[in-house]
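Visitor: structure of the sequence below:
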Amino acid sequence: MDILISNSNGIPIYEQIVSQIKNLILSGSLSEGDPLPSMRLLAKELRISVITTKRAYEELEREGYIVSITGKGSFVAVKNVELIKEEQLRIIEECLAKATKASKNCGIDLTELQEILSIIYGDE
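Guide: Numbering: from 1, shown residues only. Predicted coordinates for the structure are as follows:
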């Protein structure tokens, strides 16, 4: 499992792990029932504290992305991927609504806003 950690982006390491594992699940790189590395192994591979990986796994479990079975490990949860994507879509819509409101308040028209989004998304 390829997880890249940055110490310079200001995002806590456990959040980086959570985000990247969620993305692997949503993209289909990790499927339902797939095992995750043990907390100790992941901590060793990333050269971070086991406490940090434990916090990430607990967050993923709390949100329903993984399940942990004592003595066996952690696995991708059997959860409707479409439901997860729908939850993410709702969050995206909320963020875009805020961006649209801020754009209107600053006098930025739709075309300019679309150009900004294209640049941020990486189309250009």
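Visitor: need the three-state assignment for the residue nearest the centre of the chain.
Guide: With distances taken as C-alpha atoms, centre = their mean, residue 19 lies nearest the centre of the chain, 2.2 Å away. Secondary structure assignment for residue 19 (DSSP: H, G, I helix; E, B strand; the rest coil): helix.
Visitor: how near is it to residue 115?
Guide: Look at residue 19 and residue 115: by C-beta to C-beta, to the nearest Å, they are 26 Å apart. Glycine gets a C-beta too; all of them are placed from N, C-alpha and C.
Visitor: same thing with residue 101?
Guide: In terms of C-beta to C-beta, residue 101 sits 18 Å off from residue 115.
Visitor: next: residue 84.
Guide: Using C-beta to C-beta, we find residue 84 at a distance of 30 Å from residue 115.
Visitor: host element of residue 64?
Guide: Counting by DSSP states H and E, no helix or strand carries residue 64.
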